[in-house]
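Visitor: Mind folding the following:
(one chain, ligands or ions: 1)
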Amino acid sequence: MTRYFTPALAHLEPYTPGEQPKIQDLIKLNTNENPYPPAPGVAAAVADAAGALRRYSDLNCTALKEALAARCGVGPQNILCGNGSDENLMLAIRAFCDAHRPLAFADVTYGFYPVWCELFGIPRHVLPLGEDFSLDPAAYCGLGETVVIANPNAPTGRWLPPSALEPVLQTNPDTVLIVDEAYIDFCDAPPAQASCVPLTKRYPNLLVVQTFSKSRSMAGARLGFCVGDAALIADLERVKYSMNPYNVNSLTQAAGVAALADGGYFAKTTAAVRETRARTAAMLEALGFTVLPSQANFLFAKTPKMGGGELYEALRARRILVRHFDAPRTRDWLRITVGTPEEMRSLEAALRAILA
Ligand SMILES: Cc1ncc(COP(=O)(O)O)c(C=O)c1O
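Guide: Now for the predicted structure:
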């Protein structure tokens, strides 16, 4: 840190993203990327959009918002597009929290929430999950604080039906509930039942955040969107236009529209991930692992035979990269992204060899 760096941020601990190493033949199961490529039409749409790169991108993401609105059953005025969910979550936290309105979230959840609190000087209210990493919505009722809940949660994969979160909305009418649905498309239930999006029509204090990074195989394109009451979205636009108006580049906007146009590919690849998830969970349980029930594209698992850190290293030595969170409640566990069936067979072979 130089002497030029503001003392106000002296204690800022940046978020630690999952490793992106350049190791040959690596089986990469550490950042919940999709094992399948984006929809076949995406590459052509990007190549086409490249012809107009000298122009600034559409500030409003008009075509993308219309496609998203049609898919979500809302109007374009209910949608905000951003540079990944990370940007949308950051905008929401900037817009709906302050020194007197803390952000409440679980002790084991997405690691970026506390970083934004620190960056913006927002007090945090950390609520412990249950022994089995379950979230009790009652703990968030009547708090009078802005709340963010990842559903399904990361790194646990646990999911709550939207009806379980309604009391949080009803008992906190003066603050916003942000539901981070980065993994929602991997739920077994269809989107209309799994997602809180339909509730945005009834609750003006609900913001749902989703991403193209996971279920649409577009992590590198950086595209996310939020759904909420038009007035809530207007608040976010206000902050967006105060920070980075052209936040979604034109290649990404074109890629997003093309991805949404291919519903068949989306259905096929998300179903494949769900099927591989079920098989992998059964495989891990057969090897003696405890596996949390997951509705995401990853599994959170631990074995009594070896500590999480040790197993992480043993897998890494075999060119299989998973995620280990070295914190008191998570250090026995590994978060394993669901890959292709072939990758999961390699994982099984490695685990059998290591634990033999
Ligand atoms: C719970 C959760 N929210 C948000 C994100 C960020 O996603 P994006 O790539 O859309 O910024 C992640 C990424 O892993 C995540 O796990």
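
Visitor: Please identify the buried residues of stretch 90-106?
Guide: 90-97, 102-106 (16 or more other C-beta atoms under 10 Å). C-betas here are computed from N, CA, C, even on glycine.

Visitor: Apologies, that question was intended for stretch 109-120.
Guide: 109-110, 112-117, 119.

Visitor: Those: which ones sit near the ligand?
Guide: For the ligand, the contacts drawn from the buried residues of stretch 109-120 by C-beta under 6 Å from any ligand atom are Y110.

Visitor: Looking at the buried residues of stretch 109-120, which is nearest the ligand?
Guide: Using C-beta to the nearest ligand atom, Y110 comes nearest to the ligand of the buried residues of stretch 109-120, at 3.8 Å.

Visitor: show me what contacts that closest one?
Guide: 150, 154, 180, 182 (C-beta atoms under 8 Å, 6 or more residues apart in numbering).

Visitor: Produce a ChimeraX select command limited to the buried residues of the residues you listed.
Guide: Selection of buried members from the contacts of Y110 for ChimeraX, criterion 16+ other C-beta under 10 Å:
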select :150,154,180,182
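
Visitor: Let's have the contacts of Y110 in CSV, adding distance to N78, secondary structure and pLDDT.
Guide: Shown next, in CSV, are those (distance: C-beta to C-beta, whole Å; DSSP: H, G, I helix; E, B strand; the rest coil; pLDDT from 0 to 100):
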residue, distance to N78, secondary structure, pLDDT
A150, 21, strand, 98
A154, 25, coil, 97
D180, 17, strand, 98
A182, 19, coil, 98
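
Visitor: Could I get the buried residue list for the lowest-mean-pLDDT helix or strand in the chain?
Guide: Every helix and strand of the chain was ranked by mean pLDDT, DSSP states H and E. The lowest is helix 191-194, at a mean of 92. By neighbour count on 16+ other C-beta under 10 Å, the buried set for helix 191-194 is 191, 194.

Visitor: do stretch 251-269 as well
Guide: By 16+ other C-beta under 10 Å, the buried positions in stretch 251-269 come out as 251-260, 262, 265-266, 269.

Visitor: In this structure, spot the helix with the most residues.
Guide: helix 263-286 (DSSP state H).

Visitor: Show me what L334 is bridged to.
Guide: Here L334 sits in beta bridges with A301, going by DSSP bridges.

Visitor: pretty sure it is touching F298, no?
Guide: No - when contacts are counted by C-beta atoms under 8 Å, L334 is not listed as touching F298 (9.7 Å).

Visitor: With neighbour numbers in mind, choose between these two.
Guide: Taking other C-beta atoms under 10 Å, L334 and F298 do not tie; F298 has more neighbours (29 against 26).

Visitor: quick one, what contacts that one?
Guide: With C-beta under 8 Å, 6+ apart, F298 has these contacts: 29, 32, 154-155, 157, 183, 335-338.

Visitor: Report the two of those separated the most.
Guide: Within those, L29 and Y183 form the most distant pair, 14.9 Å apart (C-beta to C-beta).

Visitor: returning to what we had before: cross the buried residues of stretch 109-120 against helices and list the overlap.
Guide: Counting by DSSP H, those place 112-117, 119 in helices.

Visitor: which residue sits closest to P245, ignoring its sequence neighbours?
Guide: Using C-beta to C-beta, 6 or more residues apart in numbering and skipping the chain neighbours, the partner closest in space to P245 is L59 (5.4 Å).

Visitor: try G111
Guide: Per C-beta to C-beta, 6+ apart, closest to G111 is Y15, 5.9 Å.

Visitor: Alright, calling it a day.
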